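Colleague: just coords:
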């Protein structure tokens, strides 16, 4: 994906649409669907969880028995041993039914103990994985601190080495499962000596912390807007004695560990939210099919048609992205971080839109709790914020690509190494990613799509070419200062997101056509509609990145924001104010 | 301890809106979600409960049908059955397979496996025949307890509470016997994911009707499968008198 920034596209990750599961794996995955759904229909009650702001013990016990806490842990360690794609399929069911419960199991396995799966030593795996997959021990991921949100490198928790132990002090906030977890992946500053220079420097190290080490405590459950069923709490560490063998990954490599855990878990959000969107669409469709006003069923009105179609398009693209990425990951590629970031942004914003429109179709009924969509809207809001805010991820997407496109510009390289903006670690991360990308020259998507999509693929190819030219133009114009032009970077990111949506849907619907699926025609329609919208929007965004008009607009906007900030809020004189 | 044979049928999932094939020879099954017949789930649950109460020693799940029928056997194994028997019927032949064939197959297997109890769902939600349990009992010349609401072990055999029109009937029967499960017999468990994994390792034997010496040649011919008639539009009437008049005119009075 990174090479669209050079006006090309690495096709092998997208075309043909990946298909990594064997028939046996597919059959097995399908056999899990029914019982998983039965749990949500028969045992779990999302409304009750939301009302009580907790999941009751019986439900949790059933969830442990169901095997839902160790879905990706290898069978030898007591888990189900599913790969990312199979996990994604189950996530869809969770997303369709209860996002709050989804966070409880997601915070546990998607980030809580994922570090042990990714970086754990054989001893760490043998000790901890059985506990967290079937031993009813909850896990949590503890990175965020009061003064360190998006800027994860600035954490203040500190661990001091003392012979065979580290002594950890500090506190974390908003930790999902923080009040119930006995095993935590905790990030703290540690003093590291540079081997070359001998200088001492603080670097982040990841630790596996057991509550039983002593000195670990937590605050009351936070009162939240949504995902209330999940426990969120502050966690405090006071002289916690961590044995040295509980360092996760290498000492000083904690930031990399944290980013890789988050990157690795991000795909699951797309899958989960595609399930949520499907549920919203189902509810809205049922209403449109049955409700009559002015002597007509709602489904016959153009405004409703437009909404339902748009919702379906967004769902199709979100799901297509999620399972492209899960399958890229399952095929062993390490190069999916840009795609995962794009899909997280796309999924969280699309799901918000889809749920909001479902409520609109339901009208007053949608506003009532009984319809079941207002809870989903509240639950969805956090997805644009946590696990990397969409704003930071947009910068990540744009910068990764620019870094890649401009890797021949030494000035830019220097800017990435010593950024003037305070986004140091994001740049570093972006540059590390970009270096691993491999380019392919020229874009011709024609050979990859079915005949009737060829004109659409051509439009996408135009976008990719313009993208490359735009990035070059921007690099010439701003040189290394491009890294500070967030208005421009956002335009680039948005175009990249649209381009990715186009290629994954073109790939998936081409597959549907080749396999002669009964839904092929519908899928091609979704793809065509999406491509018309997305290609226009992408070109507009790319134009905005360079046009004089947009530059003038950006200046105006900056100045407005500055005035507002200087005055701590709205500045204009009220119409009725006496002057 | 008793050995229980349970029948499990793969049917179109209850939540699916069934569509008739354009050529009217049957309903569309391709690409349609299938699952275990809900009444069979109740039968499996009862058998597994008997095992858990140490009243049964072994539970064997049987499915008669095409290759995909193994899916529901695996589900039964994941719910707690010990082993499976798949009586494979080619897909084309399966379309004309009737309860008479299935009951003969089940009867043969019951003898072969030395079963003490055969528990079946009272009917399958696809053809709604409600015949297999009764005919299996006849083929075996065993007593039958149909539409079970409660099954209790007593010294002499079983005490069975049956659902009948307007109430419940309690009967006593000796074993071996054939029972059919009604809706309120129990609430079936769902298979947990770890148990589905374990079920993959449980034995599943494949036999054919021919192996069992049962003739499955068709006894019926499907003439046409039709959608239920579409509901006719209603009409509003001005008052009760008009309604009564309309009903009378329609021959309802």
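Modeller: Sure, I can see it. Everything numeric here is computed off the predicted structure, so don't read it as measured data.

Colleague: Where does the residue in the stretch 201-350 of chain A that chain B sits nearest to sit: helix, strand or coil?
Modeller: Distances between the stretch 201-350 of chain A and chain B by C-beta to the nearest C-beta are smallest at residue A:282, namely 11.7 Å. Every C-beta, even on glycine, is put in place using the N, C-alpha and C of the backbone. Counting by DSSP: H, G, I helix; E, B strand; the rest coil, the backbone at residue A:282 sits in helix.

Colleague: go on, the one 4 residues further on?
Modeller: With three-state DSSP as the basis, residue A:286 sits in helix.

Colleague: What is the neighbour count of it?
Modeller: The criterion is other C-beta atoms under 10 Å in any protein chain shown. On that basis, residue A:286 has 11 neighbouring residues.

Colleague: cool, residue A:194 as well?
Modeller: 11.

Colleague: Might you report the residue contacts of the residue nearest to it when sequence neighbours are not counted?
Modeller: Once flanking residues are discounted, residue A:194 sits nearest to residue A:201: 6.0 Å by C-beta to C-beta, 6 or more residues apart in numbering or on different chains. Counting by C-beta atoms under 8 Å, 6 or more residues apart in numbering or on different chains, residue A:201 makes contact with A:191-194.

Colleague: Next, residue A:201: phi, psi?
Modeller: phi -150, psi 140 (degrees, to the nearest 10).

Colleague: cool, the one 4 residues further on as well?
Modeller: Here is the backbone geometry of residue A:205 (degrees, to the nearest 10): phi -120, psi 140.

Colleague: Run through the bridge partners of residue A:176.
Modeller: With DSSP bridges applied, residue A:176 shows beta-bridge pairing to residue A:232.

Colleague: Please apply the same query to the one 10 residues further on.
Modeller: In this entry, residue A:186 is beta-bridged to residue A:142, residue A:207, by DSSP bridges.

Colleague: and it, how many neighbours?
Modeller: Neighbours of residue A:186 (other C-beta under 10 Å): 29.

Colleague: measure the nearest residue to residue A:215 once chain neighbours are set aside to residue A:213 for me?
Modeller: Among residues not flanking residue A:215 along the chain, residue A:240 sits closest, at 4.0 Å (C-beta to C-beta, 6+ apart). To residue A:213, residue A:240 is 5 Å away according to C-beta to C-beta, to the nearest Å.

Colleague: where in chain B is pLDDT low?
Modeller: B:1, B:253 (pLDDT under 70).

Colleague: if we go to 80?
Modeller: B:1, B:156, B:253 (pLDDT under 80).

Colleague: quick revisit: what helix or strand is the residue nearest to residue A:215 located in?
Modeller: strand A:232-243 (DSSP states H and E).

Colleague: if I pick the residue nearest to residue A:215, what's in contact with it?
Modeller: Per C-beta under 8 Å, 6+ apart, neighbours of residue A:240: A:167-169, A:209, A:213-216.

Colleague: Now neighbour count and secondary structure too, for those, in CSV please.
Modeller: Converted to CSV, the contacts of residue A:240 look like this (neighbours: other C-beta atoms under 10 Å in any protein chain shown; DSSP: H, G, I helix; E, B strand; the rest coil):
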residue, neighbour count, secondary structure
A:167, 16, strand
A:168, 24, strand
A:169, 16, strand
A:209, 28, strand
A:213, 18, helix
A:214, 11, coil
A:215, 16, coil
A:216, 21, strand
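
Colleague: near chain A, which residues of the stretch 101-250 of chain B show up?
Modeller: B:190-194, B:196-197, B:200 (C-beta under 8 Å from any C-beta of the partner chain).
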